[in-house]
Structures are given as structure tokens and as C-alpha cells.
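> Here is the input, now give the coordinates:
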Amino acid sequence: QVQLVESGGGLVQAGGSLRLSCAASGSIRSINTMGWYRQAPGKQRELVAVITSVSNTNYADSVKGRFTISRDNAKNTVYLQMNSLKPEDTAVYYCNVYGTYYTGRYEVFNTWGQGTQVTVSS
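Alright, predicted model coming up:
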């Protein structure tokens with residue numbers, strides 16, 4: 001099994017910054033894509049940013065130039081640096097990790113974190 005632990009959410013004023021972290025643990029053999037998604041009240045979950053195993057990145061248009069996704073492969077951890085936060089960034093942020101793990105045989109996992117609340121006040 002693979003578990004994800006998120007941290008770093010909180011309350012911040014508009015224009016401020018936060019850094020989210022998501023650490024994966026378990027019998028992980030390899031991690032391919034790591035990503036962050038968010039879900040605001042009454043809205044569908046949406047992609048914020050993803051990063052591949054070779055550190056190619058993709059961002060939602062709404063966060064380009066403000067958010068940066070990165071990963072530490074030695075720690076199986078993905079980060080989301082959020083700058084110039086806006087009230088519309090308020091949401092629960094979820095990390096997602098896709099890879100393979102070993103349980104006597106290799107299996108694919110696609111696991112979600114528990115979510116961390118980010119609230120940006122105006």
C-alpha cells in the first residue's frame with residue numbers, strides 16, 4: 001500500500017504565500033507523475049499542476065507564473081509553492097501520485113492525499 005501525507009495549508013492574506021508538501025510512503029518502486037488538484041465549494045476538482053518523473057511540468061492557466069511545482073525523488077515528496085495568492089485560490093488542495101509498488105508483484109497505484117485547506121482572505 002502507498003500512503004500520502006499532506007501538509008502546509010492554512011489561512012493567508014491575498015498576495016501572500018504558502019508551500020504545500022506531500023510525502024509518499026510504502027513499498028514504492030517508482031513514482032511517475034505527481035500532481036496537485038484543488039476543489040472549491042460547489043465546484044469540481046480541477047488540476048492545478050503536475051510534474052513528471054523527468055520534471056516536466058504543466059500548470060492550470062489560472063496559476064501560471066504564481067505557483068511552482070517541484071519534487072524530491074529521494075524523499076518521494078512533491079511540493080507546491082504558491083505565491084501571490086488570490087481569494088479565488090481558496091480550496092481544498094489534494095496531491096495525487098501515480099507509480100508502481102511491490103507486494104510480491106509489481107502493481108500500479110494512483111493515490112490521493114487527504115486534502116489540505118487553503119484559505120485566502122481579501
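> Return the residue of this protein that is most distant from the centre.
Gly104 (28.6 Å; CA atoms, centre = their mean).
> Which residues does stretch 65-72 contact?
With CB atoms under 8 Å, 6 or more residues apart in numbering as the test, stretch 65-72 has contacts from 34-36, 48-51, 55, 57, 59, 77-85. Any C-beta I mention is one placed from the backbone N, CA and C, and that applies to glycine too.
> confidence score at the residue farthest from the centre of the chain?
Confidence at Gly104, expressed as pLDDT, is 89.
> quick one: secondary structure of it?
Under the three-state scheme (DSSP: H, G, I helix; E, B strand; the rest coil), Gly104 adopts coil.
> and if you look at Cys95?
Relying on three-state DSSP, one would call Cys95 strand.
> returning to that earlier point: can you turn the buried part of the contacts of stretch 65-72 into a ChimeraX selection?
To isolate in ChimeraX the members of the contacts of stretch 65-72 that are buried, counting by 16 or more other CB atoms under 10 Å, one can use:
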select :34,35,36,48,49,50,51,59,77,78,79,80,82,85
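> which residue sits closest to Tyr79, ignoring its sequence neighbours?
The spatially closest residue to Tyr79, leaving aside those adjacent along the chain, is Ser70, at 4.9 Å (CB to CB, 6 or more residues apart in numbering).
> whoops, Val63 was the one
Closest residue in space to Val63, ignoring its immediate chain neighbours: Val48 at 5.9 Å, by CB to CB, 6+ apart.
> Roughly how far does the residue farthest from the centre of the chain sit from Ser27?
10 Å (CB to CB, to the nearest Å).
> returning to what we had before: just to be sure, which of the contacts of stretch 65-72 are found in strands?
34-36, 48-51, 57, 59, 77-82 (DSSP state E).
> which two in these are spaced the farthest apart?
Tyr59 and Thr77 (18.9 Å; CB to CB).
> which stretch of helix or strand covers Ser21?
strand 18-26 (DSSP states H and E).
> what's that strand packed up against?
Applying 3 or more CB pairs under 8 Å, 6 or more residues apart in numbering; DSSP states H and E, one finds that strand 18-26 contacts strand 2-7, strand 28-39, strand 77-82, strand 91-102, strand 116-121.
> what would those look like in JSON lines with distance to Gly15?
Below are the helices and strands packed on strand 18-26 laid out as JSON lines (distance: least, CB to CB, whole Å):
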{"stretch": "strand 2-7", "distance to Gly15": "22"}
{"stretch": "strand 28-39", "distance to Gly15": "19"}
{"stretch": "strand 77-82", "distance to Gly15": "11"}
{"stretch": "strand 91-102", "distance to Gly15": "17"}
{"stretch": "strand 116-121", "distance to Gly15": "9"}
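> Before I go, just wanted to say thanks for your time.
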